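Colleague: Requesting a structural model of the entry that follows:
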Amino acid sequence: MQIREVIPRLERIDERIIDFVPTPRENAKLKGLYEDLKNLESVNKRLQQDHEVSLSDVRLLFAHVVEHYPTTGKYLQPTAAVVKFPDFENGVVKILNDDMRHLTRQERAAVAKLLEPAVTTDSAASSATEKPRESFADAALSRSKTREATPRVDLQWIPATSNDVERLFSRAGLVYSSLRRAMNPATLETIMFLSFNRTWWDASAVAQGIEAKKVRKRQRPAV
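Modeller: Numbering: from 1, shown residues only. Predicted structure coming up:
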């Protein structure tokens, strides 16, 4: 298209909006801003995926954002003020990354319950039997082997975001509408609990619960 063909079209622009038409420099800035927003939107959408993003994944995503947008470090770094329990979060991330050796004392204390091995009958029986006393050197070597054999704890079940809580509040707001203001809070809590944990029960579980309630009523002594 020739420039002389474009000029008449530009002249037909409404004078009321001509001041809002971006200049070439402003247009370049808008394009850059658009690309930045697309990058951040991709991270935001990834964080909203259910049960597919771990704390380790979130740490990688935030580190990538901070690398390209340093001003976000105040809010996204592991030491940010919004992180209420940094030792626990750092400890979980290190466990997920198979980096338990670098747990600090504070981090190890924060995730101590998650590191407790499951006690089996075999281990209990073996600990009950007397073991021959080992030498000082053997004790050091066996302790090192015990550390190496410590299995990595699977912490993928820990939610990395507050999506579940936010969705629970949204659902509660929809259920507790103006037409249900007289609902008992315990009833609302029961409904939301069952709705949010829908994958853990089915019609047979409901039937069992109803039958158990009938049995309790029959067994209740008459007053």
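Colleague: Pull out the buried residues from stretch 37-54.
Modeller: Using 16 or more other Cβ atoms under 10 Å as the test for burial, stretch 37-54 gives 47, 53-54. In short, each C-beta sits where N, CA and C put it, glycine included.
Colleague: Stretch 84-101 too?
Modeller: For stretch 84-101, burial by neighbour count (16+ other Cβ under 10 Å) applies to 86-96, 100.
Colleague: For residue 102, which non-adjacent residue is spatially closest?
Modeller: Setting aside the residues directly before and after it, residue 102 is nearest to residue 94 in space (Cβ to Cβ, 6 or more residues apart in numbering), at 6.1 Å.
Colleague: Quick one: list the elements packing against whichever helix or strand the one you found is part of.
Modeller: Using DSSP states H and E, residue 94 sits within helix 86-96. Contacts defined by 3 or more Cβ pairs under 8 Å, 6 or more residues apart in numbering; DSSP states H and E place helix 86-96 against helix 55-68, helix 105-110, helix 112-115.
Colleague: Now do the shortest one: distance to the chain's middle.
Modeller: Here the centre of helix 112-115 is set off from its chain's centre by 19 Å, with Cα atoms, centre = their mean, to the nearest Å.
Colleague: ok, now the second one?
Modeller: Between the mean C-alpha point of helix 105-110 and the mean C-alpha point of its chain there is a distance of 20 Å (Cα atoms, centre = their mean).
Colleague: List the buried residues in it.
Modeller: For helix 105-110, by 16+ other Cβ under 10 Å, it's 107, 110.
Colleague: From the rest of the structure, what touches it?
Modeller: Residues from elsewhere that reach helix 105-110 (Cβ atoms under 8 Å, 6 or more residues apart in numbering): 85, 87-88, 90-91, 94, 115.
Colleague: what's the spacing between residue 187 and residue 197?
Modeller: The gap separating residue 187 from residue 197 is 16 Å, by Cβ to Cβ, to the nearest Å.
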